[in-house]
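Enquirer: Give me a 3D structure for the following:
(chains A, B, C, D, E, F and G)
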Amino acid sequence: MNFKPLGDRVLVERVEETNTTASGIIIPDNAKEKPSEVKVIAVSSEVEDVKVGDKVVFGKYSGTELVLEGKDYLILDTSDILGIVA
Amino acid sequence: MNFKPLGDRVLVERVEETNTTASGIIIPDNAKEKPSEVKVIAVSSEVEDVKVGDKVVFGKYSGTELVLEGKDYLILDTSDILGIVA
Amino acid sequence: MNFKPLGDRVLVERVEETNTTASGIIIPDNAKEKPSEVKVIAVSSEVEDVKVGDKVVFGKYSGTELVLEGKDYLILDTSDILGIVA
Amino acid sequence: MNFKPLGDRVLVERVEETNTTASGIIIPDNAKEKPSEVKVIAVSSEVEDVKVGDKVVFGKYSGTELVLEGKDYLILDTSDILGIVA
Amino acid sequence: MNFKPLGDRVLVERVEETNTTASGIIIPDNAKEKPSEVKVIAVSSEVEDVKVGDKVVFGKYSGTELVLEGKDYLILDTSDILGIVA
Amino acid sequence: MNFKPLGDRVLVERVEETNTTASGIIIPDNAKEKPSEVKVIAVSSEVEDVKVGDKVVFGKYSGTELVLEGKDYLILDTSDILGIVA
Amino acid sequence: MNFKPLGDRVLVERVEETNTTASGIIIPDNAKEKPSEVKVIAVSSEVEDVKVGDKVVFGKYSGTELVLEGKDYLILDTSDILGIVA
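Expert: Alright, predicted model coming up:
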């Protein structure tokens, strides 16, 4: 797959996730601002804070969905990435 | 066709697209922010990130429709272009 | 007619237009953001991107209508001009 | 009358006007953004673009009404002045 | 009375006013943005455009009311002062 | 009490106040923007305009309430402080 | 737990709190802007004002909830931290 994000954007791929909090309560899918964990697939040349391969967390309703070669991706502004999971 | 975009704008032409995601689900036409793939036809002299001929992806409801010599185009702000498809 | 626009404004005159797209479909008059083609009649001394005589395209609901010596004009911010038609 | 506008403001006096377009159609008084022609009476020391005595055009609902020595005036931001009529 | 305004603020005292325009029409008290004339009592050290003792005009609904030693005052941002009456 | 405000914030303590204007009229408690007098208890290292011990006036609905060691305080942005009462 | 906040963000952990003011009145859980006390667990490399281990106070509805390794955290912008409790 060959995609070059522009501006301060990164292309990410969703990582499987469960909608359960630490205490076992299920968060309904429309919970506002629940962060999601994704893997970085491509970064704009302007982006310095994250690298391809990083697992990052972002506010759930940030980003734009995008289909490339039949696969689902998300494009995020770097500023919407909350942090990197090591 | 002879059109010179101003500011940080580019003139693009729609590329045929299908409204189907990777998993085969049809996205209704009024889906918010579905990105579209277009080809760049002309760029403002201020634009550095994209070139004529680039295939780019942008948020669906960005841009202004424009008819030039009987053909449909879109004018986009470069900042609304999410990335370049190689 | 003698009018000197201030700021980044230009004075333009409407060019006759048809409300039909390339495919022959008539766009209703209240279509949002349909661009219009106009001719530049006067420019502020601060404006560099367009010249008197240029045919330019702008978002339809930009600009302020103005009557000077019994004739209808529009005043546009240069930033609302999408591009120049050659 | 002795009034010194502050900031980028100018004091103007309304010039008699007709609510008729070039084509003879009467514009209702509540028409949004119909520009009005006024004469500049005093300018702030920060204002460079217009001088006392200039006839200028501005968006109708810009400005603040002001009574000085029993006479009606308007105070305008220079940025709301569309241009100078010569 | 000892009060030191901060930022770009000034302390002013209302001057008696009538709600009548030049043409004798009474403006209802809830008229939007009717300017009022006040006297400057104290200025912040950052303020350069007005001095203590100036009679100034401001948009009626600008400012914050304040009681100091049993007397009514207003605190205004200098940017809300339209001009100085001489 | 040991609290260090961040940014341009200050920690203040309410001073007893009456809801009566100079003319004896009682202002209802939900009056918008009635300023309140408070004493400064702690200031951020970035704050230059006010010092600990100053009696200051601010717009009533500015600030965030805070309980520290069982006592009620307010945290204010310095820019919301209208002035210092001497 | 290994998480690196980006931008001006910090990762914090809630500290047990009571919903009672100094005067013993219980604040309902939906009180707007009630500040909360939390402990800082990780800070972005751009953050200078707070350190890991600091107990900080922030506006209650600031921040984004985040589950890491089965435990609940919050991510805060440093600018939403009101101050440090010593």
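
Enquirer: rest of the way, CA atoms for contacts and neighbours
Expert: Fine.

Enquirer: so where is chain A shaky, pLDDT-wise?
Expert: For chain A, residues meeting the criterion pLDDT under 70 lie at A:1, A:16-35.

Enquirer: Strands along chain A, start to end?
Expert: A:3-5, A:9-14, A:35-43, A:55-59, A:64-68, A:71-77, A:81-85 (DSSP state E).

Enquirer: residue contacts, the closest residue to residue A:66 other than its chain neighbours?
Expert: Counting by C-alpha to C-alpha, 6 or more residues apart in numbering or on different chains, residue A:73 is the residue found nearest to residue A:66 once chain neighbours are left out, at 5.1 Å. Residue A:73 makes contacts with A:11, A:12, A:13, A:14, A:65, A:66, A:67, as judged by C-alpha atoms under 8 Å, 6 or more residues apart in numbering or on different chains.

Enquirer: what number of residues lie near the last one?
Expert: Neighbour count for residue A:67, taken as other C-alpha atoms under 10 Å in any protein chain shown: 15.

Enquirer: which residues pair with it across the strands?
Expert: When bridges are called by DSSP bridges, residue A:67 pairs up with residue A:72.

Enquirer: Repeat that for the second one.
Expert: In this entry, residue A:12 is beta-bridged to residue A:40, residue A:74, by DSSP bridges.

Enquirer: For the residue in chain A positioned nearest to chain C, which residues are in contact?
Expert: Here the residue of chain A nearest chain C is residue A:7; by C-alpha to the nearest C-alpha that distance is 20.9 Å. By C-alpha under 8 Å, 6+ apart, the residues touching residue A:7 are A:44, A:46, A:47, B:79, B:82.

Enquirer: Who's the closest spatial neighbour of the residue most central in space within chain A, skipping the chain neighbours?
Expert: Central residue of chain A (C-alpha atoms, centre = their mean): residue A:38, 4.2 Å from the mean position. Distances taken as C-alpha to C-alpha, 6+ apart place residue A:14 nearest to residue A:38, at 4.6 Å, with adjacent residues excluded.

Enquirer: roughly how far apart are residue A:49 and chain F?
Expert: Plainly put, residue A:49 is 24 Å away from chain F if you go by C-alpha to the nearest C-alpha, to the nearest Å.

Enquirer: By proximity to chain D, which residue of chain A wins?
Expert: For chain A, C-alpha to the nearest C-alpha, closest residue to chain D: residue A:7, 31.5 Å.

Enquirer: Residue A:49 - how many residues pack around it?
Expert: 14.

Enquirer: ditto for residue A:72
Expert: Neighbourhood size, residue A:72 [other C-alpha under 10 Å]: 15.

Enquirer: and the residue in chain A positioned nearest to chain E, what does it touch?
Expert: When scored by C-alpha to the nearest C-alpha, chain A has residue A:79 as its residue closest to chain E, at 31.5 Å. Residue A:79 sits next to A:8, G:7 when contact means C-alpha under 8 Å, 6+ apart.

Enquirer: Try it again at 10 Å.
Expert: Applying C-alpha atoms under 10 Å, 6 or more residues apart in numbering or on different chains, we find residue A:79 in contact with A:8, A:9, A:47, A:49, A:58, G:6, G:7, G:8.

Enquirer: Residue A:47 too?
Expert: So residue A:47 contacts A:5, A:6, A:7, A:8, A:9, A:10, A:77, A:78, A:79 (C-alpha under 10 Å, 6+ apart).

Enquirer: Good, wrapping up.
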